[in-house]
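Asks: Give me coordinates for this.
(2 chains)
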There are 2 protein chains.
Amino acid sequence: MMTKDFWHNAKIAVMGAGSWGTMLAHIVAEHCREVRLWTRSEEHAAAINSTKTNAKYLGEFRLRENITALSDIGRVHERGLDVVIWALPSHVCREQMRAAATFYSGSELVLHATKGIEDGTLHRISQIIREELPLARIGVISGPNLAHEVARGDPAGTVVASAFDEVLEAGCELLTGDRLRVYSSHDVIGVEWAGSLKNILAIAAGAADSLKLGWNSRSLLISRGLVEMVRFGLAQGAEESTFLGLAGLGDLLATSSSPLSRNYRVGLKVIAGEKLETVLKSVGGVAEGVRTAGIVRRYAEKHSIPMPITTVVDQFLQGELDARGAIQALMSRPGGRDYHSKNGFTF
Amino acid sequence: MMTKDFWHNAKIAVMGAGSWGTMLAHIVAEHCREVRLWTRSEEHAAAINSTKTNAKYLGEFRLRENITALSDIGRVHERGLDVVIWALPSHVCREQMRAAATFYSGSELVLHATKGIEDGTLHRISQIIREELPLARIGVISGPNLAHEVARGDPAGTVVASAFDEVLEAGCELLTGDRLRVYSSHDVIGVEWAGSLKNILAIAAGAADSLKLGWNSRSLLISRGLVEMVRFGLAQGAEESTFLGLAGLGDLLATSSSPLSRNYRVGLKVIAGEKLETVLKSVGGVAEGVRTAGIVRRYAEKHSIPMPITTVVDQFLQGELDARGAIQALMSRPGGRDYHSKNGFTF
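Replies: Below you'll find the model as predicted:
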């Protein structure tokens, strides 16, 4: 256990000044003398430093004074870092980490807050970190954390997962605050897969809402969707209980309900008859769930893991099924036992 | 296994012509030649028979022709029944069952669709049935089933739980339909307790929405609330996995989100500063969660089961805490492991 003093004086950087990265820097800055916030754009860094806001992503939200934005990665690492938190979109992680690798001594604790799976390799972000950075003590931050709601001061919870207790300690000490509770876990695989799989169901939830289905249908979708997430996660080596906590169920609920979620909006619009390519352009940025649905469906078919909702979401995104066909495909399956545990300790 | 023909000719009654009882009669009538629907009021029975609607509870929804409403309980039981489905409010169950006991031969399969716990005794409805009716083959129907959404034809799922396979078979054969999927379970205790405990969290969810808290907070509340439900359920002899299925999580989601839920409306109004007694009068009927919160809090304190959200809900209903105090009490607790399984295979 490190002392409060240690954390106060620790050298900390957040890599990526999007909405959640910036919010994480703000939260950490409550506990530390100085937090460095890296953004690739010199202009963006200058604007953050001069206005003490991140107007591009967090509007007028006032950042703590002890945050310094930097675009020069060498300056971010000047005199070494104790803790680095990566918060970039999944598709740029590998390339950016590779470019930064030379600055690491190996003693750093590294956390990431990216939800996604790498195309082709199916690697999780923590695996990419292990492959690209010369260090071992890695962890993940994940949960129902819509940045603008945290900014507003709504109570929220998050999960830090790592195989290393010192990484869990860093996460808890640096992220716990008035309005943020931190729960810990050793199941990195489960937390990372949960964060990716839930995006598939967010698309389905958006579609259901577009059809004006009510709470019975939404509850059925989420309950049975969670069963699928557990099933797939177990096949990846995750622990069942992770999916039932904040990083699983919790994140699933937030992402499937918020019209701010890109995946949710994709479901909403595709069911209304828009072409997938048009929709993807209009929601801007990446809707991870679209890619994940395809990846997971193919893997599940190959390994005979029953994933009826994922399959229907992918078929529907690929134009193989329309809305009515999708519902029929799901509702005509035979009933069964309600919830299976891998341990089979009940029915 | 009985034949389709057996079910088609089975003699079936639904006791109670509220919205869900009537809807159940309608669903069963798809599979059976005749369904008898009991209501205490002669007028109500006559209106249902002449209009083939239940205007009082289901508006203009058109009931199947082979439903006969009866107010004379002797006629309901004429020539004996194979299956009886009870669908009355919890507080009248014991008295009505006691009055009907004389009509039962003991060979009937009995299901109930009532969510609630008896005042004082803490008995579940299936226990009351066993105490009042001279039969053993009992089951429960529970899940996210808002009657007006089922009437509208939205896809929905429900759970039938019983220790007896012939009761599960009856439930599946009689209730499965186009728009209703039936899942089965042997965990009667879990399904009944889940249906009661979720009402406490519906009050908390209403309060959170009244404070305009966002999706992070709601996800935190529901995820951690589910952990409490599991904890209390285990102490009652329930199975953990029941709480993660449709009758647990699924029902929790529907009840915590629908402004049609009385419990939700109680939370909404009390936090806005209205006195509990005034609120209870204005929502009409019974808000089971208010009573359940007190019962569960007292039991949990006596048996040292940590139930922080339930405790805060009860304190807040009793005027011991205001909204700010309630949130503070919850957020200032130390973090911990995210999700504990009783088996302790992960956290």
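Asks: So which other helices or strands are in contact with whichever strand or helix holds residue A:327?
Replies: Under the criterion of DSSP states H and E, residue A:327 resides in helix A:323-331. For helix A:323-331, the elements it packs on are helix A:308-317, judged by 3 or more Cβ pairs under 8 Å, 6 or more residues apart in numbering or on different chains; DSSP states H and E. Every residue, glycine included, has its C-beta placed from N, CA and C.
Asks: Now look at the helix it packs on and say if it contacts chain B.
Replies: No: Helix A:308-317 lies out of reach of chain B by Cβ under 8 Å from any Cβ of the partner chain, never closer than 11.4 Å.
Asks: Restrict that helix to CA atoms and write it as CSV.
Replies: Extracted C-alpha coordinates of helix A:308-317, given in CSV (Å, rounded to 0.1, in the frame of the first residue of the first chain):
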residue,chain,number,x,y,z
PRO,A,308,-29.3,-15.8,-31.4
ILE,A,309,-29.6,-12.1,-30.7
THR,A,310,-26.1,-11.3,-32.0
THR,A,311,-26.8,-13.4,-35.1
VAL,A,312,-30.1,-11.5,-35.8
VAL,A,313,-28.5,-8.1,-35.2
ASP,A,314,-25.8,-8.9,-37.8
GLN,A,315,-28.3,-10.4,-40.3
PHE,A,316,-30.4,-7.3,-39.9
LEU,A,317,-27.4,-5.0,-40.3
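Asks: what's next to it, contact-wise?
Replies: Residues from elsewhere that reach helix A:308-317, judged by Cβ atoms under 8 Å, 6 or more residues apart in numbering or on different chains: A:200-201, A:203-204, A:207, A:221, A:224-225, A:228, A:232, A:266-267, A:270-271, A:276, A:289-290, A:293-294, A:296-297, A:300-301, A:321-323, A:325-326, A:329-330, A:333.
Asks: Got a quick ChimeraX command for the buried subset of these?
Replies: ChimeraX command restricting these to the buried ones, with burial defined by 16 or more other Cβ atoms under 10 Å in any protein chain shown:
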select /A:200,201,203,204,207,221,224,225,228,232,266,267,270,271,276,289,290,293,294,296,297,300,321,323,326,329,330
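Asks: Among the contacts of helix A:308-317, which ones are in helices?
Replies: Those of the contacts of helix A:308-317 mapping onto helices are A:200-201, A:203-204, A:207, A:221, A:224-225, A:228, A:232, A:266-267, A:270-271, A:276, A:289-290, A:293-294, A:296-297, A:300-301, A:323, A:325-326, A:329-330, per DSSP state H.
Asks: Now do the helix holding residue A:327, average pLDDT.
Replies: Helix A:323-331 comes out with an average pLDDT of 79.
Asks: How far off centre is it?
Replies: Relative to its chain's centre, helix A:323-331 lies at 29 Å (Cα atoms, centre = their mean, to the nearest Å).
Asks: for stretch A:235-247, same thing?
Replies: 14 Å.
Asks: touching chain B at all, it?
Replies: Yes: residues of stretch A:235-247 contacting chain B under Cβ under 8 Å from any Cβ: A:239-242, A:244-247.
Asks: So which of those are in helices?
Replies: Taking DSSP H, the ones among the residues of stretch A:235-247 next to chain B that sit in helices are A:240-242.
Asks: Closest one to chain B out of those residues, please.
Replies: residue A:241 (4.6 Å; Cβ to the nearest Cβ).
Asks: do you know how far the closest one is from residue B:241?
Replies: Remark: distance between residue A:241 and residue B:241 (Cβ to Cβ, to the nearest Å) = 11 Å.
Asks: coming back round to it: for the residues of stretch A:235-247 next to chain B, give me JSON lines that also has pLDDT and neighbour count.
Replies: Formatted as JSON lines, these follow (pLDDT from 0 to 100; neighbours: other Cβ atoms under 10 Å in any protein chain shown):
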{"residue": "A:239", "pLDDT": "94", "neighbour count": "23"}
{"residue": "A:240", "pLDDT": "90", "neighbour count": "25"}
{"residue": "A:241", "pLDDT": "89", "neighbour count": "25"}
{"residue": "A:242", "pLDDT": "93", "neighbour count": "31"}
{"residue": "A:244", "pLDDT": "89", "neighbour count": "28"}
{"residue": "A:245", "pLDDT": "91", "neighbour count": "30"}
{"residue": "A:246", "pLDDT": "94", "neighbour count": "33"}
{"residue": "A:247", "pLDDT": "95", "neighbour count": "34"}
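Asks: Among those residues, which pair sits farthest apart?
Replies: Pairwise distances across the residues of stretch A:235-247 next to chain B peak at 14.8 Å for A:240 and A:246 (criterion: Cβ to Cβ).
Asks: Which residues are in contact with the residue nearest the centre of chain A?
Replies: Nearest to the mean C-alpha position of chain A, counting by Cα atoms, centre = their mean, stands residue A:115 at 2.9 Å. Each residue near residue A:115 by Cβ under 8 Å, 6+ apart is listed here: A:90, A:142, A:192, A:195-196, A:199, A:288.
Asks: could these be laid out in CSV, adding neighbour count and pLDDT?
Replies: Shown next, in CSV, are these (neighbours: other Cβ atoms under 10 Å in any protein chain shown; pLDDT from 0 to 100):
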residue, neighbour count, pLDDT
A:90, 21, 89
A:142, 29, 97
A:192, 28, 98
A:195, 28, 95
A:196, 26, 94
A:199, 29, 93
A:288, 24, 81
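Asks: quick check, nearest of these to residue A:24?
Replies: Nearest to residue A:24 among the contacts of residue A:115 is residue A:142, at 12.0 Å by Cβ to Cβ.
Asks: The closest one reaches residue A:247, doesn't it?
Replies: Yes: using Cβ atoms under 8 Å, residue A:142 is in contact with residue A:247, at 4.6 Å.
Asks: overlap in contacts of those two?
Replies: A:159, A:161, A:191, A:194-195.
Asks: and of the residues you listed, the nearest to chain B?
Replies: Nearest to chain B among these, counting by Cβ to the nearest Cβ, is residue A:159 at 5.2 Å.
Asks: burial of that closest one, as a residue count?
Replies: The tally of other residues near residue A:159 (other Cβ atoms under 10 Å in any protein chain shown) stands at 33.
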